[in-house]
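Asks: this one's structure only:
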């Protein structure tokens, strides 16, 4: 605190920091889901997902593959994991 802080500055500082503390909360941050509704496991590695651009999905599994956008199972699993970790967020930030 400044040695010569006026009472008005002190009061404003207290109000500002008190307001900042009152605005804290918990939240989910969801970003870049990139769902691929065409994702399906198949023996033809080039047909696993349209998002791969015909690149073979060599490690395709129910949670996806590096060359593909996310299958529904991965997105659904992620949301349920967030819910288990923080079941009642104050708000959700959805970006990307």
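Replies: That came through, no problem. Keep in mind the model is a prediction, meaning the values are calculated, not measured.
Asks: residue 29 and residue 76, how far apart?
Replies: 18 Å (Cβ to Cβ, to the nearest Å). Where you see a C-beta, it was placed from the backbone N, CA and C, and this is true even at glycine.
Asks: ok, residue 50 next?
Replies: Note on residue 50: its distance to residue 76, by Cβ to Cβ, is 19 Å.
Asks: next up, the contacts around residue 76.
Replies: Not one residue lies near residue 76 by Cβ atoms under 8 Å, 6 or more residues apart in numbering.
Asks: quick one: it is in a helix?
Replies: Yes. Under DSSP: H, G, I helix; E, B strand; the rest coil, residue 76 falls within a helix.
Asks: now do it, the pLDDT please.
Replies: Listed pLDDT for residue 76 reads 95.
Asks: same check on the one 10 residues further on?
Replies: Residue 86 carries a pLDDT value of 95.
Asks: the closest residue to it other than its chain neighbours: neighbouring residues, count only.
Replies: Of all residues not flanking residue 86 in the chain, residue 26 sits nearest, at 5.8 Å (Cβ to Cβ, 6 or more residues apart in numbering). Counted with other Cβ atoms under 10 Å, the neighbours of residue 26 add up to 9.
Asks: tell me how far residue 26 lies from residue 77.
Replies: 21 Å.
Asks: can you map out the strands along this protein?
Replies: 27-31, 91-95 (DSSP state E).
Asks: so can I have JSON lines of those showing mean pLDDT?
Replies: Listed next are the strands of the chain as JSON lines, based on pLDDT from 0 to 100:
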{"stretch": "strand 27-31", "mean pLDDT": "91"}
{"stretch": "strand 91-95", "mean pLDDT": "90"}
